[in-house]
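J.: generate coordinates for the sequence data below:
(2 chains)
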Amino acid sequence: MDNSSEMILRVAGLQSLIDLLRAQAWVVVGPTVRDGAIVHAPIESVDQLPRGIGDLQDGGSYRLRQRGDEALFGYSVGPQGWKSLLFPSRELLWSGQRDGADVAVEPAVVDPPRLALLGVRSCDLHAIAIHDRVLTERAVPDAAYAARRDNIFVVAVTCSDPGGTCFCVSMGTGPVPDRGFDLALTELLDPAGHRFLVVPGTARGAQVLDELRALAADEAAMPADEPDRLAARDVGAQAALRMGRALDVDGIRDLLYANTEHPQWEDVASRCLACTNCTLVCPTCFCTSVDDVGDLTGSTTERWRVWDSCFNTDFSYLHGGSVRSSVSSRYRQWATHKLASWVDQFGTSGCVGCGRCITWCPAAIDITAEVAAIRSRED
Amino acid sequence: MVPRPFRLVGRRQDTTDTFTVLLEPTEGDPLGFVPGQFTMLSAFGVGEVPVSVSGAAHVAGPLQHTVRDVGAVTHALSRASVGDVLGVRGPYGTGWDVAHGHGKDVVFVAGGIGLAPLRPAVLEVLSHRDRYRRVVVLYGTRSPDDLLFADSLADWQGQGVELLVTVDYGPPSWAGRVGLVTTLIPRAGFDPKYTLAFVCGPEVMMRRSAMALVERGVTPDSIRVSLERNMRCGVGLCGHCQFRELFICVDGPVLSYARVAGLLGYREV
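T.: Residues are numbered from 1 along each chain as shown, chains lettered A, B, ... in the order given. The predicted model follows:
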């Protein structure tokens, strides 16, 4: 994309973008404040965005704060990424109807909504790309995921104020969106005024900008100039310097494979509650189980797929007992899968450095610290 | 991810807790599979379990599964009677690839119900008996009452199979061997340098058997094992069956011992 397609939007121009997407039959889903957290929800107006809201994140701790400015995207990441929209926590696979001895089985019909995702961080863009590989680039792809995935429009945003548990720089996944978006915003809050540099990432995104140019008031949507670009570049560069955490990924696959019996796994197990929070907030965790549900007469059957977690004891259950009955083996499985075996399976790390597993761990267990502990006392 | 309806056309009680179901699709083609593969077998309204195919792959006939009644789903399957409809997805996973044993001795080591997934492989070998040298079946089970496929075993002996059987404990009336299946490995007549071995049973039994085969001189890459893990999808999407980097449902269940020997040495992977 050449620079000429880039634009500057004022807040009114962002509203015009939302209006335009809605007019094109997209349901715009963006960040809102609910229950003291940033939560994605359908929006119609910029007034629903978390204006002036930032967050304070640390191991086992998440608080919203007043930033004292007008930033609409001044938080880092909320508890849930976009996973639950593309890969619902509970989904019907098929239903069966009994007729005498016979059973007629009907696959579930997938009718994906047209979602425009507003405010997607680079870490979450990479998480979606990882899910694409895990769920669709397979011998038997997840058709429902693929259908939902084909029906989204992505408006990314450069992370301007990373949280205390963020480490996307270590994982090479942020903070500046580099792929996987139709439009990318960078929010600018400098003396030149509250505005957004908008960069198209796809032809479809550029088309939307063209339409926006024709539609929005002159002062709300303007061509971008060089100082705007420099200012936007600085937002990303500054954010990259303010990562709350870091993870040394050098040789991490071999490090974890070679330390399968490291005493640190027992150490972390003495703190881990096996509550599954880390896997539920992780934007790449994809493990699921199925529940067969029948009615009381036994005439109808439904099979529902539900999110599962490798921290559950029965996740690895075989007749006679669970393969991973100890918490240490379950934490080891999760961390080793995320950072090491994922690479063998899918050619990429399963971690995007969003820090959610650290923030939402009630015991403040920090995957970056656990790996560092293993590295410092290698077997 | 949607099961095909299959009708139960025959049922055999093999032992007190183990039974074999014979299934035919209510419509469409029969299920093609290779020995060693499994299907996801559903009892409608109860759930779904992975079960290896236990019947012959090379002859037409009903799909056969030999199942041990150990949980809610397998119990529901055990109560299905002729005419009932069960769900089948698959077949999934890797096979034994017995043809790699052409011109060699082939050794089957079975522990308990591990004989069921090996049975299609033995039957394939016997259907081309002249392509293999010695055929050895070593079978260990809990007690004489737990012996599976007794008719088949006698039949196999008639077709030139060296069959050695041992039980963990036998009543006074048992005149056969007592002890672990691993104790049969040093006695069986095969040339370890020209042997392809197929091992199936509880994980610890497979590991000990593979070690005994290696000790006898069989190379680890000439030993195949069939691993078992919790499975919910059969196609590598649900994550349950992971064995570090392996999805047992896709990369397995049949794997070279050379590939997994190191991993089997760790607890709770």
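
J.: buried residues, stretch A:249-267. List them.
T.: A:Val249, A:Ile252, A:Arg253, A:Leu255, A:Leu256, A:Tyr257, A:Asn259, A:Thr260, A:His262, A:Gln264, A:Trp265 (16 or more other Cβ atoms under 10 Å in any protein chain shown). The way it works is simple: take the backbone N, C-alpha and C, and place the C-beta from them, glycine included.

J.: look up the closest residue to the first one, ignoring the ones flanking it.
T.: Across the structure, with Cβ to Cβ, 6 or more residues apart in numbering or on different chains as the measure, the residue nearest A:Val249 apart from its sequence neighbours is A:Ser170 (6.1 Å).

J.: over to the second one?
T.: Nearest residue to A:Ile252, sequence neighbours excluded (Cβ to Cβ, 6+ apart): A:Leu339, at 5.3 Å.

J.: so the one you found touches A:Gly353, yeah?
T.: No. Using Cβ atoms under 8 Å, A:Leu339 makes no contact with A:Gly353, being 10.8 Å away.

J.: show me where the stretch 1-150 of chain A has its helices.
T.: Taking DSSP state H, counting those that start in this stretch to define them, one finds helices in the stretch 1-150 of chain A at A:11-23, A:83-86, A:122-135, A:143-149.

J.: deepest-packed of the ones you listed, please.
T.: Mean neighbour counts were taken over the helices of the stretch 1-150 of chain A using mean count of other Cβ atoms under 10 Å in any protein chain shown, and the top value, a mean of 23, falls to helix A:122-135.

J.: spatially central residue for chain B, please.
T.: B:Pro117 (1.8 Å; Cα atoms, centre = their mean).

J.: that residue touches B:Ser52, doesn't it?
T.: Yes. Assessed by Cβ under 8 Å, B:Pro117 is found in contact with B:Ser52 at 3.5 Å.

J.: need the residues touching each of those two.
T.: Any residue near both B:Pro117 and B:Ser52 by Cβ atoms under 8 Å, 6 or more residues apart in numbering or on different chains counts here, and that gives B:Gly36, B:Phe38, B:Ser226, B:Pro253.

J.: mind listing what the residue in the stretch 1-150 of chain A that chain B sits nearest to touches?
T.: The minimum distance from the stretch 1-150 of chain A to chain B, using Cβ to the nearest Cβ, falls at A:Val140 (3.9 Å). A:Val140 sits next to B:Met1, B:Val235, B:Gly236, B:Leu237 when contact means Cβ under 8 Å, 6+ apart.

J.: tell me how far it lies from B:Pro172.
T.: 53 Å (Cβ to Cβ, to the nearest Å).

J.: near chain A, which residues of chain B? Just list them.
T.: Chain B comes close to chain A at residues B:1-5, B:7, B:26, B:42, B:44-48, B:68, B:70-71, B:83-85, B:87, B:228-230, B:232-233, B:235-240, B:242, B:244-245, B:247, B:250, B:266-269, as judged by Cβ under 8 Å from any Cβ of the partner chain.

J.: repeat that for 7 Å
T.: Residues of chain B found near chain A (Cβ under 7 Å from any Cβ of the partner chain) are B:1-3, B:5, B:26, B:44-48, B:70-71, B:83-85, B:87, B:228-230, B:232, B:235-240, B:242, B:244-245, B:266, B:268.

J.: from these, keep the buried residues only.
T.: Using 16+ other Cβ under 10 Å, the buried members of the residues of chain B next to chain A are B:1, B:3, B:5, B:44-48, B:70-71, B:84-85, B:87, B:228-230, B:232, B:235-240, B:242, B:244-245, B:268.

J.: residues of stretch B:174-193 that come out buried?
T.: Using 16+ other Cβ under 10 Å as the test for burial, stretch B:174-193 gives B:Arg177, B:Leu180, B:Val181, B:Thr182, B:Leu184, B:Ile185, B:Ala188, B:Phe190, B:Pro192.

J.: revised request: answer the last question for stretch B:126-142.
T.: The neighbour-count check on stretch B:126-142 (16+ other Cβ under 10 Å) flags B:Leu126, B:Tyr132, B:Arg134, B:Val135, B:Val136, B:Val137, B:Leu138, B:Tyr139, B:Gly140, B:Thr141 as buried.

J.: quick one, what contacts the third one?
T.: So that's B:Arg134. Residues in contact with B:Arg134, defined by Cβ atoms under 7 Å, 6 or more residues apart in numbering or on different chains, are B:Asp105, B:Glu162, B:Gly189, B:Phe190.

J.: make it 6 Å
T.: B:Asp105, B:Phe190 (Cβ atoms under 6 Å, 6 or more residues apart in numbering or on different chains).

J.: ok, now the fourth one?
T.: By Cβ under 6 Å, 6+ apart, the residues touching B:Val135 are B:Val106, B:Val125, B:Val161.

J.: is the first one in a bridge, and if so with what?
T.: According to DSSP bridges, the partner residues bridging B:Val106 are B:Val135, B:Leu196.

J.: so it touches B:Tyr132, yeah?
T.: Yes. Taking Cβ atoms under 6 Å as the definition, B:Val106 is a contact partner of B:Tyr132 at 5.3 Å.

J.: now do the shared contacts for these two.
T.: In contact with both B:Val106 and B:Tyr132: B:Val125, using Cβ under 6 Å, 6+ apart.

J.: ok, residues contacting the longest strand along chain B?
T.: Counting residues, the longest strand in chain B under DSSP state E turns out to be strand B:4-13. Residues outside strand B:4-13 that contact it (Cβ under 6 Å, 6+ apart): A:103, B:19-26, B:62, B:80, B:82, B:84-86, B:88.

J.: mind running it again at 7 Å?
T.: Applying Cβ under 7 Å, 6+ apart, the contact partners of strand B:4-13 are A:102-103, A:105, B:19-26, B:62-63, B:80-88.

J.: just the buried ones from those residues, in ChimeraX syntax?
T.: Command for ChimeraX that selects the buried part of the contacts of strand B:4-13, burial taken from 16+ other Cβ under 10 Å:
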select /A:103,105 /B:19,20,21,22,23,62,63,80,84,85,86,87,88
